[in-house]
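Chemist: All I have is the shape, not the residue letters:
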């Protein structure tokens, strides 16, 4: 086993861990996620049908409406949202959603980390851990 360690920038800090889910394209939470189930429902998205609940979601960024903040916050409230977000670039809509959820539901935190260098090395096939200092770790099977 090899441990991949990537130092990211914590945009909204916190500790989280879960199975990785890598999205090939940005996703709009507004109309792209069902907050009741945490499922990607955007039919044009490559990962349509994937469940984000409790996962460390690795995605290039968000797409679209500022209403996505409310949908992310609602999914966190319902416990159907991701455990954490690893982004390639800062997405203010997703950051606001995570921040609002933490303010309204103090025991529910979804950290957001931006990883510019090594982002493409993250895999959806094993657990990912986010540390509050922005360190992202993933244990990868030997190849």
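Modeler: The structure has been received and is ready for your questions. Quantities reported herein were computed from a predicted structural model and do not represent experimental measurements.
Chemist: Now do the SS call for residue 65.
Modeler: coil (DSSP: H, G, I helix; E, B strand; the rest coil).
Chemist: how close does it get to residue 71?
Modeler: When distance is defined by Cβ to Cβ, to the nearest Å, residue 65 is 9 Å away from residue 71. Any C-beta I mention is one placed from the backbone N, CA and C, and that applies to glycine too.
Chemist: just residue 104 next, same as before
Modeler: Taken as Cβ to Cβ, the span from residue 104 to residue 71 is 14 Å.
Chemist: quick one, which of those two is more surrounded?
Modeler: Neighbour count, other Cβ atoms under 10 Å: between residue 104 and residue 71, residue 71 has more, with 21 against 12.
Chemist: For that one, pull up the helix or strand it's in.
Modeler: Here residue 71 is covered by helix 68-77, with elements defined by DSSP states H and E.
Chemist: Show me which parts of stretch 72-86 are buried, residue by residue.
Modeler: By neighbour count with 16 or more other Cβ atoms under 10 Å, stretch 72-86 contains the buried residues 72, 73, 74, 75, 76, 80, 81, 82, 83, 84, 85, 86.
Chemist: and those residues, which two are the farthest apart?
Modeler: The distance between the two most remote of the buried residues of stretch 72-86 (Cβ to Cβ) is 21.1 Å, for 74 and 86.
Chemist: buried sites along the helix ranked longest in the chain?
Modeler: Using DSSP state H to define each element, the chain has its longest helix at helix 92-104. Residues of helix 92-104 classed as buried: 93, 94, 95, 96, 97, 98, 99, 100, 101, 102 (neighbour count, 16+ other Cβ under 10 Å).
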